[in-house]
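Asker: I would like the atomic coordinates for the input below:
(one chain, ligands or ions: 1)
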Amino acid sequence: MKEIIDFIKRAKHLIVFTGAGVSVLSGIKDFRGKNGLYKTMNAEKIFDLDVFKTDPSFYYKNTKEFIYGLDEKEPAVTHRVLSKLENAGYIKALITQNIDMLHQKAGSKNVIELHGSAKVHYCMSCGLETSESWVFEIARRGEVPKCKKCGGVLKPRITFFGEALPMNALNEAIKEARKADAIIVLGSSLTVYPAAAIPSYVVENGGKLMIVNDMPTPYDSYASLRYDDLATIFNYLEKEML
Ligand code: ZN
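Answerer: Numbers count the residues shown, from 1 in each chain. Just a heads-up that it's a prediction; the model follows:
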């Protein structure tokens, strides 16, 4: 375990890449994990752009709790420790596939959201953006929020299947990865591209890789440190390092 602290302290430009696994400790369901959303509900359909365009109510009916009920979710030890490590100067950037905003809630500042989040919604007809709370109130009832200006359907700025990743976020993430001499991958099976390619930029430059995930990843053989259990490691870091 002491190797983990050395890994963090030796890095000059350490970045972190997080996936759904880090939020499981906050009671949010993983997508591809053992009890993941893909096993229990039709996540591919919920976040499918064509389905949304034909019938937006399918998305809003199925997300009223696990997206719009997120206010009740609290950051877990993973989010807390990552925020403290950034404030202490160890972590330079945090790249996340998560849409739950828990890193920001825990106090992380330089967060790059590769799949967006539901913080902002925009009108599918006129493009008007809003982050006002009435959108959440309607969505929490499972109803479809409509544009105040033109009545068009509002869609969250979450990247759906069939949509490209937000270019700004992706470019920012690649820029950070090219600067990094070390990367820690947490709770991601690194299977969703192009996001999953981020660690390769670090490794290609001779940077070091640590992975904590409860399932195998395609990058395991490149990792100098490899662990399964996030809770054990983050409880240890919180006690021994911070
Ligand atoms: Zn509109």
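Asker: okay, now Ile211: neighbour count?
Answerer: Residues near Ile211, counting by other Cβ atoms under 10 Å, number 25. No exception for glycine: its C-beta is placed from N, CA and C like everyone else's.
Asker: wait, doesn't it sit right on Pro218?
Answerer: No: between Ile211 and Pro218 there is no contact under Cβ atoms under 8 Å: 10.4 Å.
Asker: Close to the ion: what parts of the protein are there?
Answerer: By Cβ under 5 Å from the ion, the part of the chain that sits against the ion consists of Cys123, Ser125, Cys126, Leu128, Cys147, Lys149, Cys150, Gly152.
Asker: So which of the residues you listed are in strands?
Answerer: Assigned to strands by DSSP state E, the following of the residues of the chain next to the ion qualify: Cys123.
Asker: What about the residues of the chain next to the ion, which one has the most neighbours?
Answerer: Ranking the residues of the chain next to the ion using other Cβ under 10 Å puts Cys123 first, with 20 neighbours.
Asker: and it, what does it touch?
Answerer: Glu129, Cys147, Lys149, Cys150, Gly152, Val153, Leu154, Lys155 (Cβ atoms under 8 Å, 6 or more residues apart in numbering).
Asker: now do 7 Å
Answerer: Listed by Cβ atoms under 7 Å, 6 or more residues apart in numbering, the contact set of Cys123 reads Cys147, Cys150, Gly152, Leu154.
Asker: what's the answer for Ala182, then?
Answerer: Ala182 neighbours (Cβ under 7 Å, 6+ apart): Phe7, Ala11, Leu14, Gly207, Lys208.
Asker: Give me the phi and psi angles of it.
Answerer: phi -160, psi 140 (degrees, to the nearest 10).
Asker: pLDDT value on it, please?
Answerer: Note on Ala182: pLDDT of 98.
Asker: Give me the three-state assignment for the most centrally placed residue in the chain.
Answerer: With distances taken as Cα atoms, centre = their mean, the residue of the chain nearest its centroid is Asn98 (1.8 Å). Assigned with DSSP: H, G, I helix; E, B strand; the rest coil, Asn98 falls in the coil class.
Asker: isn't it right up against Ser26?
Answerer: No: using Cβ atoms under 7 Å, Asn98 is not in contact with Ser26; the gap is 10.0 Å.
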